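J.: what's the 3D shape of this:
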Amino acid sequence: MAFEKRRLALSFALALLASSGCTPPEAPPPPPPQLPDGWTALQPMRQGVGEAAAVELDGKIYVLGGFDTRDTVQIYDIATDTWRIGPPLYFGTDNAGALAIGGKIHVFGGEASPSVQVLDVTTETWSLGPDLPYPRYASVVEWLEGKAHLVGGWSLDRTNNISTTSHAVFDPAIPGYVAGGAAPASTARNHAFSGVIEGKLYATGGRKPGHEGEDAQNVALTEVYDPAFDRWAPLASLPTPRSGGGSAVLDGKLYVLGGGLPGNSVHATIERYDPVTDQWEQLGDMPTPRTGHRVVAASGSLYVLGGFFSSGSSRTGNSGTNAFYRYTPTP
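T.: The predicted structure is shown next:
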């Protein structure tokens, strides 16, 4: 009875407003969805993108290329939380790797095949570095003891649809590639997660033999490369096998965020690896499931950018999101 009286009173009040020519006040907009602990939404990218290369240099994050062979360069200033468009790549590319070497951005391979594109951030001009010994697509690309290490990846050939264990080493002092490269990885994979901790290169997850949901399966194995002995050794496997997500090292631990497969599935899972204990720890999930995104460690946090849209736990096409977050995990 009390509820019915309140309903009638509200109806009467609205009728009075209508008869007086007044418009009822608009309902306030719904509040934005609450983010998980440790996550902060930052200024979105100028363009949505998936499978770009990303790297930090001098307080700026460079997002380079992206699906499908974009030549776009987006530059984020951490101090001001602002984006701008930079000079376009020579060759559009996706699934490339990027490193800051000698104050310049180097973009290795991807759909641009063996090309290495070099951005002078002072003059904002591009040049070409020495071509890769062989094309690299969705490879591990990490800086280790003054050299760039490029490990694994896909064959870039549908008729020879395999992943590789190859391990090339670029020495900027040459400049060029070390003859014979380095010890091949134990496991062939592409779209893997990686990071460097205490002078050793860690690789985990990824997929093989192909690079799509219908022609590949996820890999769980974690392995570490020790340049002092030029060899790989197995470690504790990734608890949630996945590929194509983002990874970075923060405070001596490797973080693996999101990823995809089997099939069209997408993950929001975050797992953290401690090399001291050789153990994985599961953390709280990402705000949404995501694959094709990138993670950059800078200023004591992880910056998580882009990736492909998903509905529930499934990827929905190849459109890239411009979402951009700062993630500061608990120790």
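J.: ranges for the strands of the stretch 201-331 of the chain?
T.: Under the criterion DSSP state E, counting those that start in this stretch, strands of the stretch 201-331 of the chain are mapped to 207-209, 216-218, 222-226, 231-235, 246-250, 253-260, 266-274, 279-283, 294-298, 301-305, 308-311, 314-320, 324-327.
J.: how about residue 99, what does it touch?
T.: Contact partners of residue 99, counting by C-beta atoms under 8 Å, 6 or more residues apart in numbering, are 55, 105-106, 108, 141-143, 148. (C-beta placed from N, C-alpha, C; glycine too.)
J.: any idea which of these is closest to residue 200?
T.: residue 142 (10.2 Å; C-beta to C-beta).
J.: Check the burial of that closest one by counting its neighbours.
T.: Neighbour count for residue 142, taken as other C-beta atoms under 10 Å: 20.
J.: do the one 10 residues further on as well
T.: Around residue 152 there are 27 other residues, counting by other C-beta under 10 Å.
J.: again, but for residue 79
T.: Neighbour number of residue 79 under other C-beta under 10 Å is 8.
J.: Would you agree it falls within a strand?
T.: No: counting by DSSP: H, G, I helix; E, B strand; the rest coil, residue 79 is not found in a strand; it is coil.
J.: got the contact list for it?
T.: residue 59.
J.: What's the separation between it and residue 248?
T.: The gap separating residue 79 from residue 248 is 20 Å, by C-beta to C-beta, to the nearest Å.
J.: do the same with residue 214
T.: Distance from residue 214 to residue 248, counting by C-beta to C-beta: 29 Å.
J.: isn't residue 132 right next to residue 109, touching?
T.: Yes: if you go by C-beta atoms under 8 Å, residue 132 and residue 109 touch, sitting 5.5 Å apart.
J.: if we can go back for a sec, and the two most separated of the contacts of residue 99?
T.: So, the contacts of residue 99 by C-beta to C-beta: farthest apart are 105 and 142, at 15.0 Å.
J.: so what's the most centrally placed residue in the chain up against?
T.: The residue lying closest to the centre of the chain (C-alpha atoms, centre = their mean) is residue 294, at 1.5 Å. Neighbouring residues of residue 294 by C-beta under 8 Å, 6+ apart: 52-54, 63, 246, 304-307.
J.: rerun that using 6 Å as the cut-off
T.: When the contact criterion is C-beta atoms under 6 Å, 6 or more residues apart in numbering, the partners of residue 294 are 54, 246, 305.
J.: and the gap between it and residue 316?
T.: Distance of residue 294 to residue 316, computed by C-beta to C-beta: 19 Å.
J.: Could you do residue 295 as well?
T.: 21 Å.
J.: of those two, who's got more company?
T.: Neighbour totals were compared for residue 295 and residue 316, and residue 295 leads with 23 against 12 (other C-beta under 10 Å).
J.: Excluding chain neighbours, what is closest to the more buried one?
T.: residue 246 (3.3 Å; C-beta to C-beta, 6 or more residues apart in numbering).
J.: Touching, the one you found and residue 256? I think so.
T.: No: taking contacts as C-beta atoms under 6 Å, residue 246 lies outside contact range of residue 256: 7.9 Å.
J.: So residue 97 versus residue 294, what's the distance?
T.: 11 Å.
J.: my bad, residue 158
T.: Residue 158 is 25 Å from residue 294, by C-beta to C-beta.
J.: What of residue 231?
T.: For residue 231, the distance to residue 294 - C-beta to C-beta - is 29 Å.
J.: need the contact list for the residue nearest to residue 295.
T.: Each residue near residue 246 by C-beta under 6 Å, 6+ apart is listed here: 257, 293-295.
J.: can you name the two of these that are farthest apart?
T.: So, the contacts of residue 246 by C-beta to C-beta: farthest apart are 257 and 294, at 9.6 Å.
J.: Could you list the low-confidence segments of this protein?
T.: 1-32 (pLDDT under 70).
J.: Please repeat the previous calculation with a cut-off of 90.
T.: Low-confidence segments of the chain, defined by pLDDT under 90: 1-33, 113, 157-160, 213-214, 312, 317, 331.
J.: How are the helices of it distributed by residue range?
T.: 2-19 (DSSP state H).
J.: OK, contacts around residue 285?
T.: Contact analysis of residue 285 by C-beta under 6 Å, 6+ apart lists residue 268.
J.: Let me see the backbone angles for it.
T.: Phi and psi for residue 285, reported as degrees, to the nearest 10, are phi -70, psi 160.
J.: Could you measure from it over to residue 244?
T.: For residue 285, the distance to residue 244 - C-beta to C-beta - is 17 Å.
J.: Also residue 330?
T.: In terms of C-beta to C-beta, residue 330 sits 26 Å off from residue 244.
J.: For those two, indicate the residue with more neighbours.
T.: Neighbour count, other C-beta under 10 Å: between residue 330 and residue 244, residue 244 has more, with 32 against 7.
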